[in-house]
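**Student:** turn this into a model:
(chains A, B, C and D)
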Protein chains: 2
Amino acid sequence: MIKKTSLKDIAHEAGVSIALVSYVLNGKNTKRINVETAEKIKQIAKALNYQPNQIAKSLKSNKTYTLGLIVADISNFFYSYIAGHIEDEANRFGYNVLFGSAYEDPKRFQKLLDVMLARQVDALILAIPDGAEDSLNTIKDSGVPFVLIDREFPEFGELNSIVLDNYNASASVVRKFASLGCRKVAAIGLESNLFHLQERSRGFTEIAEQILGPSTGKVYNLSEGSLPDKIQPLIKQILEEEQVDGICCFTNKIAMATLPLLLSLKVQVPKEITIICYDEVEAYKLFPYPMSFVRQPLEEMSKEAVRYLLGQDKHKVMGVRKFEAVLIDMQGYS
Amino acid sequence: MIKKTSLKDIAHEAGVSIALVSYVLNGKNTKRINVETAEKIKQIAKALNYQPNQIAKSLKSNKTYTLGLIVADISNFFYSYIAGHIEDEANRFGYNVLFGSAYEDPKRFQKLLDVMLARQVDALILAIPDGAEDSLNTIKDSGVPFVLIDREFPEFGELNSIVLDNYNASASVVRKFASLGCRKVAAIGLESNLFHLQERSRGFTEIAEQILGPSTGKVYNLSEGSLPDKIQPLIKQILEEEQVDGICCFTNKIAMATLPLLLSLKVQVPKEITIICYDEVEAYKLFPYPMSFVRQPLEEMSKEAVRYLLGQDKHKVMGVRKFEAVLIDMQGYS
DNA sequence: CTGAAAGCGCTTACAG
DNA sequence: CTGAAAGCGCTTACAG
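**Tutor:** Here you go, the predicted structure:
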């Protein structure tokens, strides 16, 4: 019960060599093997409930059929949704997924990365934190195929990256605001050097300037940790002092801090303020007022990452692949 | 860059045996080794950026430092939250987590299980689906330490399980309804033989009978797939024909189908109906009316599972450990 | 048609 | 103080 059966056990039982058992069970050199011997071996393997030891296989083949996935936080729906689709697609290729959350901490990220490389993962899908550019060297030096997801680092050349076209997404957010009659909008973002967030800001400000006029699209950045404390004064400031009539939340975390606040402050949505958020969460279904959100094609993006890594093309350079967002309108129930 | 450095490389470079390098790098037999040789070896290891191959280590040691986690659906917050805490705690023990979603499908579950066992995971944390009792034999025969999470199978003896005290949780739900003045309540559950769901039903019906009177606590079960279609007629029936004044949703999925419906039907909460849901989700923060929910101590439960498996006690039988729920009141913003 | 042998990268009891 | 050797469970070129 504790001892697992190995090729040796089967070989012993069948009175043949280990090599032969290996050939039979793997269906190799199959034509030159005595049919009866083969049958007998298979019988015994089944009877002993043989399960090949993947560790031993991996040592020989240098393939672990394991995909390493490092996200910011698996308990954030954005990443768990991605993780689910990555797993599904990986399974299709006979792969399993080893995951880790780096919580946007470069040290934790590097540690997870080291562990995954030591475990000889065949490929990596990574949401690299801000400030972990050093880890890029580890990754490149390892020679393990990788794709960055939801992150890009243009200053490091054309790294394989699967990202939203964030500039464009923000542009369509601003256009949506304009079409809903907004005159002056604001966005709440995160204090971060991450390029994809910068792009959100840049698109927001530039397009606001372009279609609503100068200084109509300010972006206010908070640190993730200070959200609970600082979001309320910020919202008040934006609404009262800045006379803004449209707010865009740049992440679902920010949205989940902002929306309850609007409810408790009894701000009239969308009469006083129009709301557009990045990233779909189920929670929006409970928000009683009309709002819109930016949907990333996450399923497609996840699967694309896996297909690239496990398909034919892993040794070609993919470079940066941008996906277009879809803006979704929600009516609310008020 | 592609070729990883091995003990052999270091040994060659240092002009010593592989064994010696292994001893030095693992700090074994350390006192009987020439200090200078040791230093030299360490230098070279560092210079060549040596990372031990875990696969080879595992083959020898029969330890993979991998924890297998099979949940119903990683993209459901309930499980991704658990997964996050399991990972954190596992990391603390030097372990990594291989995960899979079985989507409540016994075949998928068995397949994931087989793969994880073939990969020689050191321990398993499992949310076994309804109808996958056969897999229990695979698990037991493997001899791999395991804990069921959020599931229990009393008909199979005292399997290690970490669960909510679901009977008690439902009891406190009913008491809460009563204290809020409800006279006749109903619950919406899932068509399933899973014991923990049965217990929720049993506690609900029995305690309702006890404190509100006969036939005051019916449970309506829907299949997960039919939720989108059948929830609306069911809610209408419950409200209009059955004259119920309190509804309990037995899972967060059911809650996320029911609550938006109440909004769109403009049902007055809590005037017409009082709502209590199982399992916390962030979304409740956006629900504009007062409601209550059953909070499972998931962090503690997750960590307990890991500690049992990776700590001292893994070869003792843990049996069923029940955790008590906490009922949380939410004011809403209406 | 089948087997002995080498080897994947490590560890460790044993011998010197 | 150090090394040769066996072995973890597999695969596979080679020999017969």
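
**Student:** can you pull the contacts of whichever residue of the stretch 201-334 of chain A sits closest to DNA strand D?
**Tutor:** When scored by CB to the nearest atom of the strand, the stretch 201-334 of chain A has A:Leu310 as its residue closest to DNA strand D, at 18.6 Å. Quick note: C-beta positions are derived from backbone N, CA and C, even for glycine. By CB atoms under 8 Å, 6 or more residues apart in numbering or on different chains, A:Leu310 lies in contact with A:Leu67, A:Ala90, A:Phe93, A:Tyr95, A:Asp122, A:Ala123.

**Student:** where are the low-confidence patches of chain A?
**Tutor:** A:1-3, A:30, A:334 (pLDDT under 70).

**Student:** domains for it, by residue range?
**Tutor:** Following automatic domain parsing, one gets these domains for chain A: A:7-52, A:62-163+A:299-323, A:166-296.

**Student:** contacting residues for the closest residue to A:Thr274 other than its chain neighbours?
**Tutor:** For A:Thr274, ignoring the flanking residues on the chain, the nearest one in space by CB to CB, 6 or more residues apart in numbering or on different chains is A:Gly246 at 4.3 Å. Going by CB under 8 Å, 6+ apart, A:Gly246 touches A:Phe177, A:Leu180, A:Cys182, A:Lys184, A:Val185, A:Ala186, A:Ile273, A:Thr274, A:Ile275, A:Ile276.

**Student:** any chance of a markdown table for the contacts of A:Leu310, columns distance to B:Asp73 and neighbour count?
**Tutor:** As requested, those are arranged in a markdown table below (distance: CB to CB, whole Å; neighbours: other CB atoms under 10 Å in any protein chain shown):
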| residue | distance to B:Asp73 | neighbour count |
| --- | --- | --- |
| A:Leu67 | 19 | 26 |
| A:Ala90 | 16 | 26 |
| A:Phe93 | 20 | 15 |
| A:Tyr95 | 19 | 22 |
| A:Asp122 | 25 | 19 |
| A:Ala123 | 24 | 23 |
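
**Student:** distance of the residue in the stretch 101-250 of chain A positioned nearest to DNA strand D from B:Asn53?
**Tutor:** Closest residue of the stretch 101-250 of chain A to DNA strand D, CB to the nearest atom of the strand: A:Gln120 (13.1 Å). According to CB to CB, to the nearest Å, A:Gln120 and B:Asn53 sit 7 Å apart.

**Student:** check A:Val219 too.
**Tutor:** As judged by CB to CB, A:Val219 and B:Asn53 stand 47 Å apart.

**Student:** ok so, going back, now the residue nearest to A:Thr274. Its backbone dihedrals?
**Tutor:** phi -150, psi 130 (degrees, to the nearest 10).

**Student:** ok, now the one 5 residues further on?
**Tutor:** Per-residue torsions, A:Thr251: phi -140, psi 160 (degrees, to the nearest 10).

**Student:** which residue sits closest to it, ignoring its sequence neighbours?
**Tutor:** Using CB to CB, 6+ apart, the closest residue to A:Thr251 is A:Tyr278 (5.8 Å).

**Student:** beta partners for the one you found?
**Tutor:** A:Val294 (DSSP bridges).

**Student:** what's the neighbour count on it?
**Tutor:** A count of neighbours around A:Tyr278, defined by other CB atoms under 10 Å in any protein chain shown, yields 27.

**Student:** does it touch A:Cys248 like I think?
**Tutor:** Yes. Counting by CB atoms under 8 Å, A:Tyr278 does reach A:Cys248; the two are 7.4 Å apart.

**Student:** coming back round to it: any idea how far the residue of the stretch 101-250 of chain A closest to DNA strand D is from chain B?
**Tutor:** The gap separating A:Gln120 from chain B is 5 Å, by CB to the nearest CB, to the nearest Å.

**Student:** go on, A:Ile82?
**Tutor:** As judged by CB to the nearest CB, A:Ile82 and chain B stand 9 Å apart.

**Student:** check which element follows the helix or strand harbouring that residue along the chain.
**Tutor:** Per DSSP states H and E, A:Ile82 falls inside helix A:77-92. Using DSSP H and E, the helix or strand that follows helix A:77-92 in sequence is strand A:96-101.

**Student:** what's the longest helix seen in chain A in contact with?
**Tutor:** With secondary structure taken from DSSP state H, chain A has its longest helix at helix A:195-212. The contact list for helix A:195-212, computed with CB under 8 Å, 6+ apart, reads A:150-154, A:163-164, A:166-171, A:173-175, A:177-178, A:182-185, A:187, A:189-190, A:215-219, A:221, A:248, A:250, A:278.
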